[in-house]
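Q: Quick one, what's the 3D model for this:
(4 chains)
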Protein chains: 2
Amino acid sequence: MSQVTRRRTGPSKGDRREAAILDAARALFSERPYESVTIDDLAGGAGISRTSFYFYFPTKTAVLTALMSHVWDELAASHVWFDADGPAPELLRVQLETSATLWRANAGILSCAATAVATSGELRSFIGRIKARYDERAAEKIRRDQDNGTATTAIPAHRLAEMISAIRDARYGQLAGASDAELREAVGDLAEAIDRLVYGRA
Amino acid sequence: MSQVTRRRTGPSKGDRREAAILDAARALFSERPYESVTIDDLAGGAGISRTSFYFYFPTKTAVLTALMSHVWDELAASHVWFDADGPAPELLRVQLETSATLWRANAGILSCAATAVATSGELRSFIGRIKARYDERAAEKIRRDQDNGTATTAIPAHRLAEMISAIRDARYGQLAGASDAELREAVGDLAEAIDRLVYGRA
DNA sequence: CACAAAACTCGACACAGCGTCGATGATCAC
DNA sequence: GTGATCATCGACGCTGTGTCGAGTTTTGTG
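A: Numbering: from 1, shown residues only, chains lettered A, B, ... in the order given. Here you go, the predicted model:
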């Protein structure tokens, strides 16, 4: 009990500022297009001057990268279908539904990231790694099912995984502000497309 | 014969300058990332000062839009499959092959355009219209085949058309500097994917 | 071929956003 | 309380964009 009375240090001022910048970024990137948000806006939103921003982050994209990394962690937890064998339609639906919900909740950040990869090599390689890891997990699942004979496709597993990613990105990219019904519709379309691509006609 | 000796006026100086800007742009956009090309580069490449550039085009993206419009005209001529009924695998292959070749030949411009839509509303809406028209043609073909019973998909035709576009963009986006073999591979993968999505297992 | 209108050119200017530097103020550890 | 580290900010310089207006060149027409 010797330490009980001692006030815990808690997060330092700097930590709180950094969090404030991230909060401001989350808000701004959610409601405005990426390029229209300046470093000045970010700093202002966190209650510091533009120059002070540089004490915490080297660039605007570094902030976005931090945000993306958090979103990705959440997303990565939803990949239950990848661990199953065969079509596993219920698990596929679950995976698609949770990821779609996450996508919708973070639509602003994700679309800013899609924009910013064009300009920032740092973010591009970060997202490249994320996607590669995702595609690799999907490809492994497909390869497994090709081996056990459930998957009927002649397309190489990694190409097919890329295709599925492309469809998902395109469809989920329209999810900003979508209703639950629209979300379920997107999930249904995606589930059918994946089933057809990997396992052939139902 | 009265006019024979009279020198034809030909394109005015301004027309030639405009063409020179477009030529310079084609070259620069083909070998450098979009944002790294400045208006100064474009003007310099056409042999005029930066300010004179503005006499011909209001923005950098206006030049890219002009370039894209030309590429699109070529691309639009390759859509033979859309006019056929049923799977028509040979026509599908022809369409995919010509469009893949065109894509590879204009890879620089197309990837610059993909970059620039993020920043330019003008280009975004131009490309939006282009894509919408393409998707509409694809959707009509799918709808026709749903009506005549060859297409088995339950996915709404326009959604399916969007998916096909997404796959095509993703796959052809890797085609810069690809060999003929790689190109054929891409076409094969795409053909199978489309066949599976629309008509079910072969 | 003269000459006015139009087509075209460019230097000077103003501006937005980024990034650096160094001087200064706040905080913490002992 | 004091030295070291943490944090803040104003001043500065840079790059790229876009406008203005004063010039020059080209072109059609009499």
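
Q: Every contact and neighbour count from this point should use C-alpha atoms.
A: OK.

Q: My guess is A:M163 contacts B:D169. True?
A: No: at 9.9 Å, A:M163 does not count as touching B:D169 under the criterion of C-alpha atoms under 8 Å.

Q: Could I get the average pLDDT for stretch A:147-162?
A: Summarised as a single mean, pLDDT over stretch A:147-162 is 96.

Q: what does stretch A:24-42 give?
A: Averaging pLDDT along stretch A:24-42 yields 97.

Q: do it and DNA strand C meet at all?
A: Yes: shown here: stretch A:24-42 in contact with DNA strand C (C-alpha under 7 Å from any atom of the strand) through A:36-40.

Q: By neighbour count, which of those wins?
A: A:I39 (18 neighbours; other C-alpha atoms under 10 Å in any protein chain shown).

Q: Pull the contacting residues for that one.
A: With contact taken as C-alpha atoms under 8 Å, 6 or more residues apart in numbering or on different chains, A:I39 is in contact with A:50, A:53, A:60.

Q: go on, A:L123?
A: A:L123 touches A:61-62, A:65, A:113, A:116-117, counting by C-alpha under 8 Å, 6+ apart.

Q: Quick one: buried ones out of those residues?
A: For those, a neighbour count by 16 or more other C-alpha atoms under 10 Å in any protein chain shown gives the buried set as A:61, A:65, A:113, A:116-117.

Q: Specify which member of those residues is nearest to A:E182.
A: Of all those, A:A113 has the smallest distance to A:E182: 23.1 Å, by C-alpha to C-alpha.

Q: What confidence value was assigned to A:L123?
A: 96.

Q: what distance separates the strand or helix carrying it from the middle of the whole chain?
A: Assigned by DSSP states H and E, A:L123 falls within helix A:121-147. Offset of helix A:121-147 from its chain centre (C-alpha atoms, centre = their mean, to the nearest Å): 13 Å.

Q: ok, now stretch A:120-133?
A: Averaging C-alpha positions (C-alpha atoms, centre = their mean) puts stretch A:120-133 11 Å from its chain's average.

Q: so A:Q146 makes contact with A:T152?
A: Yes: counting by C-alpha under 8 Å, A:T152 is a contact partner of A:Q146 at 6.7 Å.

Q: tell me which element the residue nearest the centre of chain A falls in.
A: What sits nearest the mean C-alpha location of chain A, by C-alpha atoms, centre = their mean, is A:W72, with 4.3 Å. Per DSSP H and E, A:W72 falls inside helix A:60-76.
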